[in-house]
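K.L.:
Take this sequence and fold it.
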Amino acid sequence: MKNPNAFLALGGVLFIGALLITTVWLIIEHNMADPYADPVPETGTENPVTPAASKPQNSQEALLGPALGTRRTHDINQSSGSITPSAPALNPVEDHSFTVRLYQEAAINGDADSQYKLGLLYLTGNGALQDFAEAAKWLQLAAEQGYGPAQYELGLIYRNGYGLPTDHVQSYVWLNLAAAAGVQQAMPARDEVMRALSSKQLAQAQKISREWLAARTGPESGKEADRVESAPHRRKQ
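P.N.:
So this is what the prediction gives:
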């Protein structure tokens, strides 16, 4: 009598043998493939596509070059391969001569406001090389034209001795004239200078102020300096 289990065992052995043979054949075929074969380009084209970022986006960019944030800050020396920093652009704010030229021509032509502003540039050194003598020259020219702010600054220059010798009489004169012109901060500054004057010097300074105004605006206007003086000034006179 035949054993049915023997047929099942034989079938299993044959199946496993066929599976092993198939697996070995696939491995051998894979290993025989040429590992140095060039891969096929994915795009199917021989020439690479130029990236869109390298092309100007519009006509303005084509004329003016890349945007400000993408400009190179160094120039490359092609022969040596070294990197040379580019020359910095001139900043008008840091160029003293540029700032001075804004007002100098008008100041030379007699414009009081330009003379005053030019004097301030030299006085503070903000926009010009600090030069007290040059500041005093331009401020005095503007002050003599009756420009109140310049009269105030000139009075402070005479009080502090910056660019001109210290002279409390002249300081009082110009601060008094500035107060008469409506410069509010000139009044307390004048009061401070007044304390350094004798009665004779104060009378002299007030007389010079009246005569200065009268020579330019008439006798009645010459009394304007007296009207802006405080009561203690009159008592001391």
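
K.L.:
From now on I want contacts and neighbour counts done on CA atoms only, so please keep to that.
P.N.:
Will do.

K.L.:
Sort out which residues of whichever strand or helix holds Tyr122 are buried, please.
P.N.:
According to DSSP states H and E, Tyr122 maps onto helix 112-124. Under the neighbour-count criterion of 16 or more other C-alpha atoms under 10 Å, helix 112-124 has Ala112, Asp113, Ser114, Gln115, Tyr116, Lys117, Leu118, Gly119, Leu120, Leu121, Tyr122, Leu123 buried.

K.L.:
and it, what other elements does it pack with?
P.N.:
Applying 3 or more C-alpha pairs under 8 Å, 6 or more residues apart in numbering; DSSP states H and E, one finds that helix 112-124 contacts helix 96-108, helix 132-143.

K.L.:
now the shortest one and helix 112-124, what's the angle there?
P.N.:
So that's helix 132-143. 160 degrees (axes from the mean of the first three to the mean of the last three C-alpha atoms, to 10 degrees).

K.L.:
what's next to helix 132-143, contact-wise?
P.N.:
The contact list for helix 132-143 (C-alpha atoms under 8 Å, 6 or more residues apart in numbering) reads 107, 111-113, 115-116, 118-123, 149-151, 153-154, 157, 162-164, 174.

K.L.:
So which bits of the helix or strand just after that helix are buried?
P.N.:
From helix 132-143 onward toward the C-terminus, using DSSP H and E, the following helix or strand is helix 148-160. For helix 148-160, the neighbour count (16+ other C-alpha under 10 Å) marks Gly148, Pro149, Ala150, Gln151, Tyr152, Glu153, Leu154, Gly155, Leu156, Ile157, Tyr158, Arg159 as buried.

K.L.:
lowest confidence element among the helices and strands of this protein?
P.N.:
Within the chain, no helix or strand scores below helix 59-64, which has a mean of 36 by mean pLDDT, DSSP states H and E.

K.L.:
confidence score at Asp226?
P.N.:
Looking at Asp226, its pLDDT is 55.
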